[in-house]
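K.L.:
Please find the sequence and the predicted model below.
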Amino acid sequence: MRELTEQSLIAGLDETARRCPAVARALAEAGYPELRRRDPGFAALLRAIVGQQLSVASAGAIWGRLEAAVRPVAPGALLALDEDALRALGLSGPKIRYARALAEGCESGALDLDRLEGLPDEDAVAALVAVKGIGRWTAEVYLLFALGRRDVLPAGDLALLTAAQRLFGLPERPEPAGLLERAEIWRPWRGAVAHLLWRYFSETRPARRSGGDSLPV
């Protein structure tokens, strides 16, 4: 399983653009995206949970407070904080439960994050979504950003769906299944195209609003 690097991201987009005019047009209009990577492990997955259904600004603010309070950002340190302390950091009740479930799974060994690196994409997603609070979007964002999986496309992401609507000139935002159908031609570089679509989303917004997008953080 080849990982996305700065070099392979560009090469993969160039290769895909040669067979997909929509990708070529997005590259021409938005330019090459930066590779977004973070270190794999508990902190990266917890950050994905924090960012669920939040703007970049809101998720970033909560994550900053959590990083300052939970040192190091590790399962045991998080479990040492009670619910009131976590709520004071900005976590909602459901996200407190999800964060604790993740920490408990890592502590008990029920979720072996190191093992994910050797699993195929779908098997890794299945292992992650078995944890309460981790849905397919969260799992795929982790695989893409933390493990660098080049063919993972978080098709439920609202920014990606909106970018696809603009790029293909659709009257409505497509459903995730519709985006996946269109994305078949992007294999094996769907993760690279996801990076491009997030950039295209940001570059083609009719009116920029600070912190108002829904990009993963």
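P.N.:
Done, it's in. Given the structure is predicted, the values throughout are model-derived calculations rather than measurements.
K.L.:
helix/strand/coil for the nearest residue to residue 97 once chain neighbours are set aside?
P.N.:
Excluding the flanking residues, the one nearest residue 97 by Cβ to Cβ, 6 or more residues apart in numbering is residue 133, at 6.6 Å. Placement of C-beta: from N, CA and C, glycine included. In three-state terms, and counting by DSSP: H, G, I helix; E, B strand; the rest coil, residue 133 is coil.
K.L.:
for residue 160, same thing?
P.N.:
When the structure is split into helix, strand and coil by three-state DSSP, residue 160 lands in helix.
K.L.:
Quick one: residues contacting it.
P.N.:
By Cβ atoms under 8 Å, 6 or more residues apart in numbering, the residues touching residue 160 are 153, 154, 179, 194, 197, 198, 201.
K.L.:
shaky segments in the protein?
P.N.:
Under the criterion pLDDT under 70, the flagged ranges of the chain are 1, 207-217.
K.L.:
Which residues are in contact with the residue sitting nearest the centre point of the chain?
P.N.:
Per Cα atoms, centre = their mean, the C-alpha nearest to the average position across the chain is that of residue 141, at 2.5 Å. Residue 141 sits next to 48, 51, 154, 157, 216 when contact means Cβ under 8 Å, 6+ apart.
K.L.:
residues near the second one, how many?
P.N.:
When you say that, I think you mean residue 51. By the measure other Cβ atoms under 10 Å, the count of residues near residue 51 is 23.
K.L.:
Residue 30: neighbour count?
P.N.:
Neighbouring residues of residue 30 were enumerated by other Cβ under 10 Å; the total is 19.
K.L.:
How about residue 187: what's its closest non-neighbour residue?
P.N.:
Taking Cβ to Cβ, 6+ apart as the measure, residue 187 lies nearest to residue 151, with 6.1 Å between them; neighbours along the chain are not counted.
K.L.:
Please report how far that neighbour lies from residue 14.
P.N.:
From residue 151 over to residue 14 the distance is 16 Å, taken as Cβ to Cβ, to the nearest Å.
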